[in-house]
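Asker: Pasting the sequence and the predicted coordinates here, then a few questions.
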Amino acid sequence: MKIHIIAIGGSIMHNLAIDLKNNGHLVSGSDDDIHEPSLSRLKQHHLLPEKLGWFPEKITKDLDLVILGMHARQDNPELLKAQELGLKIYSYPEFIYQNSISKKRIVIGGSHGKTTITSMILHVLKKNNISIDYLVGSQIQGFDTMVKITNTNPILVAEGDEYLASPIDQRPKFLIYQPHIAVISGIAWDHINVFPTYDDYKNAFVKFIQSIESKGTLIFNELDTEIKSIISQADRKDIEYIPYSYPNYSIQNNQVFIHFENHHYPVKVFGKHNLQNLQAALLVCKKLNINEHTFLNSISDFTGAAKRLEKWIDENHLLVFRDFAHAPSKVKATIDAVKELYPNKDLIAAFELHTYSSLNEKFLIEYKDTLEKAKHKIVYFDAHTLEIKKMPPLHPDTIIKGFNDPSIKVADNKKDLLKILSEIGIKDKVLLLMSSGTFSNLTKEEIISLNT
């Protein structure tokens, strides 16, 4: 097919473009802003647009399909031209669903843990030579792309995001897939620019349960009381329910072991929330006829998806983790995980406000006491991000009040962030960087230079 992708620079969109080209399709694309790693990867595969911007002349009648990314707007000139010509226009979840109708569809949903659970499943299936199609929100070791769609693989494993599908398809993405097996890892209010109230947000998950195919399965975190509430609201008596919590485990010398039927399996992931994620992945794999021992043997070398409690630096008395945490519940869970593994080390928790929700003054109260277990606390935001998102300025006092912690240090530029870290001193401590952004492209070299 001849396919054009509007907003090709997104993390999923550029991976989809690469996969489509690898499958023999003719792929073109446009975007007005492309960052790394998308830029280098598109260039490597000869998919990088010659110029940034939108070019309606690229939209021609001979296109079989246009795939529209969320980064574009409703008045995008290429979109308007495609609509004028009556071309097929899909969001990426709609495209994936249309190419997976005949497959067994497994969709991982929840406010947090989606990427990790999906990555764990993919890791185990690959190690056991089970071929599948997939969609995951982060690059994982051993996989060339974050998206793979074929005509032959009988299974699709997809991370199910609750954010909107596209500017002209206002459904949450995970409502499109209609899974046979669904997972809900936990629910905590997020994306307030789309879901202005917590009830609006929870209702999306009610609809997600209602979208499960008849005689399908819902695997859910039984420790999350909100999930039990939405299960009741969804009122599905024609599906199977499988609850989970976390496995039997212990920590010895900073090493986590899972105990099952008198066997002791070392794993590289840590923290109660990640062990809950592991249990969810195990239950999905059991539905695919992989038993517990096979799963636990296979997961032992799983180190995590990129930026999901990833050990970023470990050298010369310097230990740095980075995590994608942005929702309040995930920030707290990530801090708890690091403190559990390193109880005798001082923890520096640096959290970047980057999403629409976290940068919203009214939402800041949701972060109350989330950093309390850290010895040193830093909240960072890039003033330029507020300008891009067209949001009002944030005052440090507002942030400190929202987090309910006068010991927090606030920085709004990278220079000040590095100065604060230097004054604290990072040697022989654990530094935890939490953000869905990049701390203004903070590099390893900049961190390491503080340790000299």
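Answerer: Sure thing, it's come through. Residues are numbered from 1 along each chain as shown.

Asker: Moving C-terminal from the helix or strand of the chain with the lowest mean pLDDT, which element do we reach first?
Answerer: The weakest-scoring helix or strand in the chain, judged by mean pLDDT, DSSP states H and E, is helix 383-388 (a mean of 87). Using DSSP states H and E, the helix or strand that follows helix 383-388 in sequence is helix 396-403.

Asker: on that earlier part again, dump the C-alpha coordinates for the least confident helix or strand of the chain into PDB.
Answerer: The C-alpha coordinates for helix 383-388 follow below in PDB (Å, rounded to 0.1, in the frame of the first residue of the first chain):
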ATOM      1  CA  ALA A 383       9.700  27.400  31.800                       C
ATOM      2  CA  HIS A 384       9.900  26.900  28.000                       C
ATOM      3  CA  THR A 385       7.600  23.900  28.300                       C
ATOM      4  CA  LEU A 386       4.900  26.100  29.800                       C
ATOM      5  CA  GLU A 387       5.200  28.500  26.900                       C
ATOM      6  CA  ILE A 388       4.900  25.600  24.300                       C
END
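
Asker: Check what contacts that helix and list those residues.
Answerer: Residues outside helix 383-388 that contact it (C-beta atoms under 8 Å, 6 or more residues apart in numbering): His354, Leu359, Pro392, Pro393, Leu394, Asp412, Asn413, Gly437, Ser440. (Each C-beta comes from the backbone N, C-alpha and C, glycine too.)

Asker: and the second one, how many neighbours does it have?
Answerer: In this case it means Leu359. Leu359 has 20 neighbours, counted by other C-beta atoms under 10 Å.

Asker: my guess is it meets Leu394, correct?
Answerer: Yes - because the distance of 6.7 Å satisfies C-beta atoms under 8 Å, Leu359 is recorded as touching Leu394.

Asker: Next, format the contacts of helix 383-388 as JSON lines and append distance to Ile6 and pLDDT.
Answerer: Shown next, in JSON lines, are the contacts of helix 383-388 (distance: C-beta to C-beta, whole Å; pLDDT from 0 to 100):
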{"residue": "His354", "distance to Ile6": "24", "pLDDT": "93"}
{"residue": "Leu359", "distance to Ile6": "26", "pLDDT": "94"}
{"residue": "Pro392", "distance to Ile6": "30", "pLDDT": "92"}
{"residue": "Pro393", "distance to Ile6": "32", "pLDDT": "91"}
{"residue": "Leu394", "distance to Ile6": "32", "pLDDT": "94"}
{"residue": "Asp412", "distance to Ile6": "33", "pLDDT": "94"}
{"residue": "Asn413", "distance to Ile6": "33", "pLDDT": "94"}
{"residue": "Gly437", "distance to Ile6": "23", "pLDDT": "88"}
{"residue": "Ser440", "distance to Ile6": "28", "pLDDT": "92"}
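
Asker: which of those residues count as buried?
Answerer: Buried residues within the contacts of helix 383-388, counting neighbours by 16 or more other C-beta atoms under 10 Å: His354, Leu359, Leu394, Asp412, Gly437, Ser440.

Asker: Neighbours of Glu366, how many?
Answerer: Count around Glu366 with other C-beta under 10 Å applied: 21.

Asker: helix, strand or coil for it?
Answerer: Secondary structure, DSSP: H, G, I helix; E, B strand; the rest coil: Glu366 is helix.

Asker: Quick check: the gap between it and Ile192.
Answerer: 9 Å (C-beta to C-beta, to the nearest Å).

Asker: between these two, what contacts are shared?
Answerer: Counting by C-beta under 8 Å, 6+ apart, the common neighbours of Glu366 and Ile192 are Ser357.

Asker: Leaving out the residues flanking it, which one is nearest to Lys272?
Answerer: Tyr246 (5.8 Å; C-beta to C-beta, 6 or more residues apart in numbering).

Asker: quick one: contacts for that neighbour?
Answerer: Lys272, Leu275, Gln276, Leu278, Gln279.

Asker: Just the buried residues of the residues you listed.
Answerer: For these, a neighbour count by 16+ other C-beta under 10 Å gives the buried set as Leu275, Gln276, Leu278, Gln279.

Asker: Mind putting these into JSON lines with distance to Leu80 and pLDDT?
Answerer: Listed next are the buried ones among the contacts of Tyr246 as JSON lines, based on distance: C-beta to C-beta, whole Å; pLDDT from 0 to 100:
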{"residue": "Leu275", "distance to Leu80": "49", "pLDDT": "95"}
{"residue": "Gln276", "distance to Leu80": "45", "pLDDT": "96"}
{"residue": "Leu278", "distance to Leu80": "46", "pLDDT": "97"}
{"residue": "Gln279", "distance to Leu80": "47", "pLDDT": "98"}
